[in-house]
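Participant: All I have is the shape, not the residue letters:
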């Protein structure tokens, strides 16, 4: 089997920090990006690497894959997907994605047809509603028999669990305010994480994430299958964004920030309530290793779509960090932000063998991969 080091499709880059990473040099689309940081983009064995393909000025995304078993790159134009919904089955390398009508599965092998899993739930179409986004990003239940959907429709919001074998859908919540980024807990099947999101009112005016009477910024939510919901206060009544579950299912991780630009990655133990700063880095997005000792993250110096960024790794055992993609130049000026979601979104993949992220090369986004074993020694 080929790897990023031996594949003819990747070029080796050395960052200003001395770190090595690899960029997919074969282009099947003008703009190629890594997935959002919550779902995996590779299988556990590292045989397949999926990525987003965009064809400006079209607003939609399709999917491409690097097949390391054959050292080929394929684009699948039939895989039009909305927002950041795709998810790789880490056991098989197949990808799941959704559009406004149904849930699908695509093999990485081009000779295999797309498989329609089921139609989207009837609850999404009540009162003649249309689906705007079926799911922010798909996640499996612990037994891999269900996926969590957090739909936005023209009539409101609905979230719950879809059983893959039957298409049966169980509503967990119908939030009044925009709530998305739904994700199954990886261990506890009746528990999910969601996030209240910025939104617009019917008249087009801006609606912020709420702050309650106690000063709690109401971003972080958990919901259970029985409908029980809870909002979690960010550390020191600051603000929270870009959340995910720890691998053991115990902790809610999120990136915190305040008006003075003090950022960091925090963790809340769901069962004990212990709440602390775990990585004092200026994280925009982040993701943890299985043992919670490593956090890969990205940063910006002033957010807008297409802003400058960098990607780093923080080691909790040593308290050291390194930027292994230390500068991604801006793709757009601040007064003309991009219509695309261009953030680096680093994530561990293939049993933490690789870190997949989006970089910038010659004025365009590119898919990039670093070997975790190359970067960790720089933090020791």
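Facilitator: Received, thanks. Here the structure is a predicted model, which means the values were calculated and not measured.
Participant: part of a helix, is residue 378?
Facilitator: Yes: under DSSP: H, G, I helix; E, B strand; the rest coil, residue 378 falls within a helix.
Participant: Enumerate every residue touching it.
Facilitator: By Cβ atoms under 8 Å, 6 or more residues apart in numbering, the residues touching residue 378 are 17, 18, 19, 313, 322, 324. Bear in mind the C-beta positions are built from the backbone N, C-alpha and C, glycine included.
Participant: quick one, what contacts the first one?
Facilitator: Contacts were defined as Cβ under 8 Å, 6+ apart; by that measure residue 17 touches 322, 323, 324, 326, 378.
Participant: picking that back up, which one (most neighbours) among the contacts of residue 378?
Facilitator: Each of these was scored by neighbours using other Cβ atoms under 10 Å; the highest score is residue 324's, at 28 neighbours.
Participant: That residue contacts residue 311, correct?
Facilitator: Yes: contact status for residue 324 versus residue 311: in contact at 6.3 Å, counting by Cβ atoms under 8 Å.
Participant: Would you point out the most distant pair within the contacts of residue 378?
Facilitator: Farthest pair in the contacts of residue 378 (Cβ to Cβ) is 18 and 313. Separation: 13.3 Å.
Participant: Which residues outside the helix or strand hosting residue 181 are in contact with it?
Facilitator: Here residue 181 sits within strand 179-184, counting by DSSP states H and E. Here strand 179-184 makes contact (Cβ under 8 Å, 6+ apart) with 38, 133, 135-137, 139-142, 146-150, 152, 157, 159, 161, 173, 191-197, 221, 243-245.
Participant: mind listing the strands in the stretch 101-250 of the chain by residue range?
Facilitator: Assigned by DSSP state E, counting those that start in this stretch, the stretch 101-250 of the chain shows strands spanning 102-106, 115-119, 131-133, 146-153, 156-163, 169-173, 179-184, 191-196, 199-200, 206-207, 220-224, 229-232, 239-245.
Participant: Mean pLDDT and distance to residue 273 added to the ones you listed, as a markdown table?
Facilitator: Listed next are these as a markdown table, based on pLDDT from 0 to 100; distance: least, Cβ to Cβ, whole Å:
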| stretch | mean pLDDT | distance to residue 273 |
| --- | --- | --- |
| strand 102-106 | 97 | 36 |
| strand 115-119 | 97 | 38 |
| strand 131-133 | 95 | 32 |
| strand 146-153 | 97 | 24 |
| strand 156-163 | 97 | 24 |
| strand 169-173 | 98 | 22 |
| strand 179-184 | 97 | 20 |
| strand 191-196 | 98 | 15 |
| strand 199-200 | 86 | 29 |
| strand 206-207 | 88 | 30 |
| strand 220-224 | 98 | 12 |
| strand 229-232 | 98 | 9 |
| strand 239-245 | 97 | 16 |
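Participant: mind giving me JSON lines with those and columns for mean neighbour count and distance to residue 304?
Facilitator: Formatted as JSON lines, these follow (neighbours: other Cβ atoms under 10 Å; distance: least, Cβ to Cβ, whole Å):
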{"stretch": "strand 102-106", "mean neighbour count": "19", "distance to residue 304": "32"}
{"stretch": "strand 115-119", "mean neighbour count": "14", "distance to residue 304": "36"}
{"stretch": "strand 131-133", "mean neighbour count": "17", "distance to residue 304": "21"}
{"stretch": "strand 146-153", "mean neighbour count": "24", "distance to residue 304": "23"}
{"stretch": "strand 156-163", "mean neighbour count": "20", "distance to residue 304": "26"}
{"stretch": "strand 169-173", "mean neighbour count": "18", "distance to residue 304": "31"}
{"stretch": "strand 179-184", "mean neighbour count": "24", "distance to residue 304": "20"}
{"stretch": "strand 191-196", "mean neighbour count": "23", "distance to residue 304": "20"}
{"stretch": "strand 199-200", "mean neighbour count": "12", "distance to residue 304": "18"}
{"stretch": "strand 206-207", "mean neighbour count": "10", "distance to residue 304": "15"}
{"stretch": "strand 220-224", "mean neighbour count": "20", "distance to residue 304": "24"}
{"stretch": "strand 229-232", "mean neighbour count": "14", "distance to residue 304": "28"}
{"stretch": "strand 239-245", "mean neighbour count": "22", "distance to residue 304": "15"}
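Participant: mind checking which of those strands is nearest residue 294?
Facilitator: The nearest among the strands of the stretch 101-250 of the chain, by Cβ to Cβ, is strand 239-245 at 14.0 Å.
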